[in-house]
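Q: fold the following and give me the result.
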Amino acid sequence: MSTVVQTGTMTKRESVGVDGVVAEALPNAMFRVALEGAGQRSVMAHVAGGSGKNFVRLLPGDRVVVELARHDVTRGRIVRRHD
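A: Residues are numbered from 1 along each chain as shown. Take a look at the predicted model:
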């Protein structure tokens with residue numbers, strides 16, 4: 001699901017979005033997300049977004065899309081909540 005984006009003379013790969021379920025809400029606006037289709041794999045994730053423009057309350061059990069960091073696959077950011 002990764003795509004190549006042309007920016008000037010350089011290309012960069014966008015992060016991969018993975019479906020998951022919020023398993024636990026942690027302090028400092030962090031969440032433990034269990035990834036779907038990955039066995040027992042879970043990642044630590046924070047909510048993406050700028051300065052509280054679109055406030056979304058996440059609760060354990062919510063289905064979300066997580067972008068995984070390229071350098072550390074145990075961390076990511078929540079980019080969307082499924083309705």
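Q: what about residue 67, neighbour count?
A: 17 (other CB atoms under 10 Å). Where you see a C-beta, it was placed from the backbone N, CA and C, and this is true even at glycine.
Q: ditto for residue 45
A: Residue 45 has 26 neighbours, counted by other CB under 10 Å.
Q: so it, which state does it fall into?
A: strand (DSSP: H, G, I helix; E, B strand; the rest coil).
Q: residues contacting it?
A: By CB atoms under 8 Å, 6 or more residues apart in numbering, the contact list for residue 45 reads 30, 31, 32, 33, 64, 66, 75, 76, 77, 78.
Q: dump those to CSV, plus pLDDT, distance to residue 44 and neighbour count.
A: Formatted as CSV, the contacts of residue 45 follow (pLDDT from 0 to 100; distance: CB to CB, whole Å; neighbours: other CB atoms under 10 Å):
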residue, pLDDT, distance to residue 44, neighbour count
30, 93, 6, 14
31, 95, 7, 25
32, 96, 6, 15
33, 96, 8, 26
64, 94, 13, 22
66, 93, 10, 24
75, 93, 5, 14
76, 93, 8, 26
77, 92, 10, 17
78, 92, 11, 21
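Q: farthest-separated two in these?
A: Spatial extent of these (CB to CB) is set by the pair 64 and 75 at 14.5 Å.
Q: in the chain, which residue is closest to the centre?
A: Nearest to the geometric centre of the chain sits residue 66, at 2.1 Å (CA atoms, centre = their mean).
Q: quick one: mean pLDDT over the longest strand along the chain.
A: When the chain is scanned for its longest strand (criterion: DSSP state E), the result is strand 17-26. For strand 17-26, mean pLDDT rounds to 93.
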